[in-house]
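J.: Prediction below, plus the sequence it came from.
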Amino acid sequence: MNRQPKRRRVRRWPLERALAAMREPQPLQPGALLALSDLSGERFEAWKATWATLPPERRIALAEQLRDASERHAVLNFNAIFAHVIADEEARVRLAALEGLALEPPIALIDVLERALAEDPNEAVRAAAATALGVLMEAGESGQIPQRRRDQVYRALMGALRREPYGSLVYRRALEAVACASEEAVEWYIRDAYAADDDLLHLSAVTAMGLSHNSAYSALVRAALQSISPAVRRAAARACGNLDDEEAVADLERLLEDPDDEVRQAALEGLANISTKAARDTLERASRSKDEWLAERAQRALETWLFWHAELDEQADSLFKLMEFDEDSLRPTRLVTPRIRRRITREEDNNSASTA
């Protein structure tokens, strides 16, 4: 009988110990990460005093570690830290901060994000600001933030589309970020990008169509499933899921035999987001495949389908299966929700430029 390794409990370090660890070259331990979460008041002032003494290389390493930790662990909240270091002189620190904030950007930082998008000298930082504003755009479209704030975000993103070079990284991220806005001008920008000869711009258009939640794009997205570009096929597969396109199920099933494993994974993710029984049946068949790679990942996608779409009794079982623990046992990792998954896919340009 195989015994599961005993998981150790992570204890929050005293703040003084965590601040001392910040000065050392090694990555912070889990206890230190917990100590730096949700800082405020005197504790936050003590952190700022320590941060100001660190050399650039250490600030970069810490900002990137905090970003990665906050993405993985829902219990950690470094928004106060990220908001402070957006003004750091190092572009990589600013980039890490914006990527961290993009998970759940506070409404209070809309002005800061707008300035970063308009004024930061670094293209990657401006692009990250657009992505963070995109989360707020989505919140605005669902009525979760005041209308005037929603309109401010919309103007900021549309301003970037008018200001930035056509097809540039910032242009593409702004297009994806504003895609969910129910505005005629946005549709024009998306369709224009879809027809562009620029491969990366076409890729962003397909992604934007999925993020729009507008079923009018479904036929165009399904057509992109046949692209010669693996990057476009990946984006189209995920977009079909975001659009809940039941007509795409058969095409996504065919993509489970794609020569590119990342395309196959994207097809599984797309099927997991389509609410129909046909999508579930496809995932169940794939989970019984003799291809171990496919069977394992299809089972995972099936659990995701059950979590989002099944009856309550089945959802309870799938929830526990979806919650994984990492080696540090900080707590269950974040569920990979559609919003977080979309954020991850936006980073694919670094890997797909050569294949798009």
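T.: The structure has been received and is ready for your questions.

J.: So which residues of the stretch 1-150 of the chain form helices?
T.: With helices called from DSSP state H, counting those that start in this stretch, the stretch 1-150 of the chain shows them at 15-22, 30-36, 41-51, 56-72, 79-85, 91-101, 110-119, 123-141, 147-163.

J.: low-scoring stretches of the protein, by residue?
T.: 1-8, 312-356 (pLDDT under 70).

J.: what's the domain layout of it?
T.: Domain assignment for the chain by automatic domain parsing gives 32-101, 107-202, 213-356.

J.: Now tabulate the ones you listed in a markdown table and tack on mean neighbour count and distance to residue 18.
T.: C-beta: built from backbone N, CA, C; applies to glycine. Formatted as a markdown table, the domains of the chain follow (neighbours: other C-beta atoms under 10 Å; distance: least, C-beta to C-beta, whole Å):
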| stretch | mean neighbour count | distance to residue 18 |
| --- | --- | --- |
| domain 32-101 | 18 | 4 |
| domain 107-202 | 19 | 24 |
| domain 213-356 | 18 | 14 |
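
J.: List the contacts of the residue nearest to residue 107 when sequence neighbours are not counted.
T.: Nearest non-adjacent residue to residue 107, counting by C-beta to C-beta, 6 or more residues apart in numbering: residue 145, 5.4 Å away. Neighbouring residues of residue 145 by C-beta atoms under 8 Å, 6 or more residues apart in numbering: 107, 136, 139.

J.: Help me confirm that the second one comes into contact with residue 104.
T.: This means residue 136. No: in this structure, residue 136 is not within contact of residue 104 by C-beta atoms under 8 Å, at 9.8 Å.

J.: residues in contact with the nearest residue to residue 31 once chain neighbours are set aside?
T.: Excluding the flanking residues, the one nearest residue 31 by C-beta to C-beta, 6+ apart is residue 13, at 4.0 Å. Under the criterion of C-beta under 8 Å, 6+ apart, the contact list for residue 13 reads 21, 29, 31, 32, 34, 35.

J.: Out of the residues you listed, give me the two with the largest separation.
T.: For these, the farthest-apart pair by C-beta to C-beta is 21 and 34; their separation is 11.9 Å.

J.: and stretch 102-116, how far apart are its ends?
T.: 13 Å (C-alpha to C-alpha, to the nearest Å).

J.: what sits against the closest residue to residue 51 other than its chain neighbours?
T.: Distances taken as C-beta to C-beta, 6+ apart put residue 59 closest to residue 51, at 6.9 Å, once the chain neighbours are dropped. Contact analysis of residue 59 by C-beta under 8 Å, 6+ apart lists 51, 85, 88, 90, 93.

J.: Tell me the one of those nearest residue 154?
T.: residue 85 (26.8 Å).

J.: Would you mind measuring from that closest one to residue 77?
T.: According to C-beta to C-beta, to the nearest Å, residue 85 stands 15 Å off from residue 77.

J.: what's the answer for residue 156, then?
T.: On the measure of C-beta to C-beta, residue 156 and residue 77 end up 25 Å apart.

J.: Over to residue 86?
T.: Distance from residue 86 to residue 77, by C-beta to C-beta: 16 Å.

J.: ok, now residue 205?
T.: Where residue 77 is concerned, residue 205 sits at a distance of 34 Å (C-beta to C-beta).

J.: now residue 187
T.: Applying C-beta to C-beta to residue 187 and residue 77 gives a distance of 36 Å.

J.: again, but for residue 149
T.: Distance from residue 149 to residue 77, counting by C-beta to C-beta: 21 Å.

J.: again, but for residue 252
T.: Separation of residue 252 from residue 77 (C-beta to C-beta) stands at 36 Å.

J.: go on, residue 25?
T.: 25 Å.

J.: Next: residue 148.
T.: Distance, residue 148 to residue 77, using C-beta to C-beta: 26 Å.

J.: what does residue 229 give?
T.: 38 Å.

J.: Next: residue 102.
T.: Counting by C-beta to C-beta, the gap from residue 102 to residue 77 is 14 Å.

J.: got a list of what the residue nearest to residue 127 when sequence neighbours are not counted touches?
T.: Once flanking residues are discounted, residue 127 sits nearest to residue 173: 4.2 Å by C-beta to C-beta, 6+ apart. By C-beta under 8 Å, 6+ apart, residue 173 lies in contact with 127, 128, 130, 131, 134, 204, 346.

J.: so residue 173, which of the three states?
T.: Secondary structure, DSSP: H, G, I helix; E, B strand; the rest coil: residue 173 is helix.

J.: Was I right to think residue 125 contacts residue 116?
T.: Yes: counting by C-beta under 8 Å, residue 116 is a contact partner of residue 125 at 6.3 Å.

J.: Now the common contact residues for those two.
T.: 94, 98.

J.: after whichever strand or helix holds residue 220, next one along is what?
T.: Using DSSP states H and E, residue 220 sits within helix 218-224. Downstream of helix 218-224, the next assigned helix or strand under DSSP H and E is helix 230-242.

J.: May I have that following helix exported as PDB, CA atoms only?
T.: Extracted in PDB, the C-alpha atoms of helix 230-242 (Å, rounded to 0.1, in the frame of the first residue of the first chain):
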ATOM      1  CA  PRO A 230      -0.500  25.700 -34.300                       C
ATOM      2  CA  ALA A 231      -0.700  28.900 -32.300                       C
ATOM      3  CA  VAL A 232      -3.900  29.900 -34.100                       C
ATOM      4  CA  ARG A 233      -5.400  26.500 -33.700                       C
ATOM      5  CA  ARG A 234      -4.700  26.700 -30.000                       C
ATOM      6  CA  ALA A 235      -6.300  30.100 -29.700                       C
ATOM      7  CA  ALA A 236      -9.300  29.000 -31.800                       C
ATOM      8  CA  ALA A 237      -9.900  25.900 -29.600                       C
ATOM      9  CA  ARG A 238      -9.900  28.000 -26.500                       C
ATOM     10  CA  ALA A 239     -12.100  30.600 -28.100                       C
ATOM     11  CA  CYS A 240     -14.700  27.900 -29.100                       C
ATOM     12  CA  GLY A 241     -14.900  27.000 -25.400                       C
ATOM     13  CA  ASN A 242     -15.300  30.700 -24.300                       C
END
